[in-house]
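Enquirer: My questions concern the predicted model and sequence given below.
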Amino acid sequence: MQQRTATATTPAAPNAALDAPGDAADPRWWGPPLAATLVAPVLSGAAAAAGGLFTALPVFLAAGFLLPLAVVAPGWFLARTVRRRRARIRLAVTGCALAAVYPLLLTQVAWMYVVVMLLTGNVRA
């Protein structure tokens with residue numbers, strides 16, 4: 001009688017990718033997105049109030065104040081691992097910087113437009 005010997009094959013571990021050092025669960029994954037979600041509107045509002053943009057801002061330009069939150073939003077949906085923590089922090093910092101700079105950028109573009117219109121003779125005093 002012939003006895004069959006089964007060779008022990010180890011199946012590929014389904015979670016082999018999760019065993020990498022940077023793929024450990026990050027218990028504080030929510031910190032940077034939460035901080036940026038709370039700080040970005042405050043920064044944006046403070047910068048707009050300092051520049052006096054609330055009194056003369058057309059409605060369609062006000063949508064740009066949502067842009068920092070659109071930059072921060074992917075941070076909530078990234079993998080909740082240590083490896084993605086740096087990406088979440090970068091998104092949070094970028095969103096807050098954009099919130100602080102957007103009103104200033106809007107003002108600068110408006111002034112450049114006025115100067116170009118004056119220099120080209122399209123505006124008569």
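Expert: In hand now; what should we look at?

Enquirer: Now stretch 114-125: buried residues?
Expert: Buried residues in stretch 114-125, defined by neighbour count with 16 or more other Cβ atoms under 10 Å: none. Heads up, the C-betas are built off the backbone N, CA and C, glycines and all.

Enquirer: following the lowest-mean-pLDDT helix or strand in the chain, which helix or strand comes up?
Expert: For the chain, counting by mean pLDDT, DSSP states H and E, helix 59-62 ranks last in confidence among helices and strands (a mean of 63). Using DSSP states H and E, the helix or strand that follows helix 59-62 in sequence is helix 67-72.

Enquirer: buried residues in that next one?
Expert: In terms of neighbour count (16+ other Cβ under 10 Å), helix 67-72 has its buried residues at 68-69, 71-72.

Enquirer: who's in contact with it?
Expert: For helix 67-72, the external contacting residues (Cβ atoms under 8 Å, 6 or more residues apart in numbering) are 33, 36-37, 40-41, 43-44, 91-92, 94-96, 98-99, 102.

Enquirer: Let me know the pLDDT of C96.
Expert: We have a pLDDT of 93 for C96.

Enquirer: Let me see the contact set for it.
Expert: Taking Cβ under 8 Å, 6+ apart as the contact definition, C96 lies against 36, 39-40, 43, 68.

Enquirer: And it, how close does it get to P74?
Expert: 15 Å (Cβ to Cβ, to the nearest Å).

Enquirer: Ok, P103 next?
Expert: 23 Å.

Enquirer: more neighbours, these two?
Expert: Higher neighbour count among P103 and P74: P103, with 25 against 13, using other Cβ atoms under 10 Å.

Enquirer: Would you mind naming the helix or strand containing the more buried one?
Expert: In this assignment (DSSP H and E), P103 forms part of helix 85-119.

Enquirer: and that helix, which residues are buried?
Expert: For helix 85-119, burial by neighbour count (16+ other Cβ under 10 Å) applies to 85, 88-89, 91-92, 94-96, 98-100, 102-103, 106.
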